[in-house]
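Colleague: no sequence for this one, just the structure:
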DNA sequence: TTCTTCTTGCAACTTAGTTGCATTCGGTGT
DNA sequence: ACACCGAATGCAACTAAGTTGCAAGAAGAA
């Protein structure tokens, strides 16, 4: 997703030292187009060098706490992780494929929401308004292989 | 959520016979304002009469398959269930409380989305466009009790 | 009643994530 | 070089939510 972000300074701006594993996790997230699950991040990391899955979870927690990475919940039971919005990345909606479970980023301008009426009437604190588009992704609509019958 | 829905006919319209447990599950979902988790549904049902949690899961699957109930994924790792949109219930956005994990229904008109630009450009199949508002619910903002320190 | 199908329960399993504790690693000071 | 300290990692065990296989029970049709 990003080759304009300097992960090292991103970490150090937040008072985290840029250890090897943190960098590796950020690279996987940043290189992927669209959010990735923790399991998938772990799977990719162990291909190059062994790392414990707990370590991955802990690094992800840390990055989310510090606002470097954004945790979004998919259609399934697991979380997905993407680079948080910053000056290089505007907030944008996500597309969730019902078939393969994958998540894609949509372009920031593709959907516009008018949340004024809500903000005027809602009695709690509204922090984010996210749009979630659900359907079947381009890949899954074309490749019908994988169906058993 | 609903006293205008006749669960019995709702089931039979879909070719499902209206057994006692199905009715009970639907009543819990319909009586609650806002979506409920499977665990919570189970918890409430066993108060009146024992029922196995697997049975609850299976009934929920069935209801979702038949479009009677809608499964939405919360901020956490569990699913929430609400009555699906029909002539009595317009589709509406949901509010997710970061603190207590609860989900509330918002009024259908409180947010409007313009999805035209997306529909013109997206190459997969778009089925639903849902708006998810995240923040702290009214109850959690006022009652700060529960914090340990 | 008997047969068949639908429904339920139980136990075991899976997936995703969490926690506690011990070990190791990277510095800092002496 | 040595000891020390906190941060980072790994391992094992645990939890929560959901799923699967199979056997037993209810309910309707013949």
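Modeller: Right, received. Where do you want to start? Only a predicted model underlies this, so the values are computations on that prediction, with no experimental measurement involved.
Colleague: I figured residue A:27 was touching residue A:8, is that so?
Modeller: No: the pair residue A:27 / residue A:8 is not scored as a contact, 10.9 Å apart, by Cβ atoms under 8 Å. Glycine gets a C-beta too; all of them are placed from N, C-alpha and C.
Colleague: residues contacting the spatially closest residue to residue A:56 that is not a sequence neighbour?
Modeller: What sits nearest to residue A:56 in space, not counting adjacent residues and going by Cβ to Cβ, 6 or more residues apart in numbering or on different chains, is residue A:42, at 4.6 Å. By Cβ atoms under 8 Å, 6 or more residues apart in numbering or on different chains, the residues touching residue A:42 are A:51, A:53, A:56.
Colleague: likewise residue A:113?
Modeller: Contacts of residue A:113 by Cβ under 8 Å, 6+ apart are A:129, A:131, B:111-114, B:131.
Colleague: what about the longest strand in chain A?
Modeller: strand A:125-136 (DSSP state E).
Colleague: and the contacts of whichever helix or strand comes after that strand?
Modeller: Remark: after strand A:125-136, the chain's next helix or strand is helix A:138-142, criterion DSSP states H and E. Contact with helix A:138-142 is made by A:97, A:99-100, B:123-125, as judged by Cβ under 8 Å, 6+ apart.
Colleague: so which bits of helix A:138-142 are buried?
Modeller: Buried positions in helix A:138-142, judged by neighbour count with 16 or more other Cβ atoms under 10 Å in any protein chain shown: residue A:140.
Colleague: quick revisit: and the contacts of residue A:113, which are buried?
Modeller: When those are checked for burial by 16+ other Cβ under 10 Å, the buried set is A:129, A:131, B:111, B:113, B:131.
Colleague: tally of neighbours for residue A:49?
Modeller: 9 (other Cβ atoms under 10 Å in any protein chain shown).
Colleague: please, where are all the helices along chain A?
Modeller: Taking DSSP state H as the criterion, chain A carries its helices at A:7-13, A:20-31, A:38-48, A:53-65, A:116-121, A:138-142.
Colleague: and residue A:43, how far is that from DNA strand D?
Modeller: In this view, residue A:43 and DNA strand D are 14 Å apart by Cβ to the nearest atom of the strand, to the nearest Å.
Colleague: same deal with residue A:36?
Modeller: According to Cβ to the nearest atom of the strand, residue A:36 stands 18 Å off from DNA strand D.
Colleague: which residues of chain A score low on pLDDT?
Modeller: Confidence mapping of chain A against pLDDT under 70 gives the ranges A:1-4, A:143-149.
Colleague: let's see that with 90 instead.
Modeller: A:1-5, A:33, A:87-89, A:98-102, A:109, A:139-149 (pLDDT under 90).
Colleague: how about the most centrally placed residue in chain A, nearest residue that isn't a chain neighbour?
Modeller: Centrality entry for chain A: nearest residue to the mean C-alpha point is residue A:82, 2.4 Å, by Cα atoms, centre = their mean. In this structure, residue A:82 finds its nearest non-sequential neighbour in residue A:35, 3.8 Å apart by Cβ to Cβ, 6+ apart.
Colleague: swap in residue A:76?
Modeller: The shortest distance from residue A:76 to any non-neighbouring residue, by Cβ to Cβ, 6+ apart, is to residue A:101 (5.3 Å).
Colleague: list the contacts of that neighbour.
Modeller: A:74-76.
Colleague: out of those, which are buried?
Modeller: Those of the contacts of residue A:101 that meet the buried threshold are A:74-75, by 16+ other Cβ under 10 Å.
Colleague: now render the contacts of residue A:101 as TSV, adding distance to residue A:17.
Modeller: Conversion of the contacts of residue A:101 to TSV gives the following (distance: Cβ to Cβ, whole Å):
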residue	distance to residue A:17
A:74	31
A:75	36
A:76	34
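Colleague: please flag which of the contacts of residue A:101 sit within strands.
Modeller: Judged by DSSP E, the contacts of residue A:101 include no members of strands.
Colleague: near DNA strand C, from the contacts of residue A:101?
Modeller: When these are checked against DNA strand C using Cβ under 7 Å from any atom of the strand, the ones in range are residue A:76.
Colleague: out of the contacts of residue A:101, who's nearest residue B:86?
Modeller: residue A:75 (21.7 Å; Cβ to Cβ).
Colleague: if I look at the closest residue to the closest one other than its chain neighbours, how far off is residue B:130?
Modeller: Spatial nearest neighbour of residue A:75, excluding adjacent residues (Cβ to Cβ, 6+ apart): residue A:96 at 4.7 Å. The gap separating residue A:96 from residue B:130 is 9 Å, by Cβ to Cβ, to the nearest Å.
Colleague: one more: residue A:75?
Modeller: In this structure, residue A:75 and residue B:130 are 11 Å apart, going by Cβ to Cβ.
Colleague: right, I'll call it a day here.
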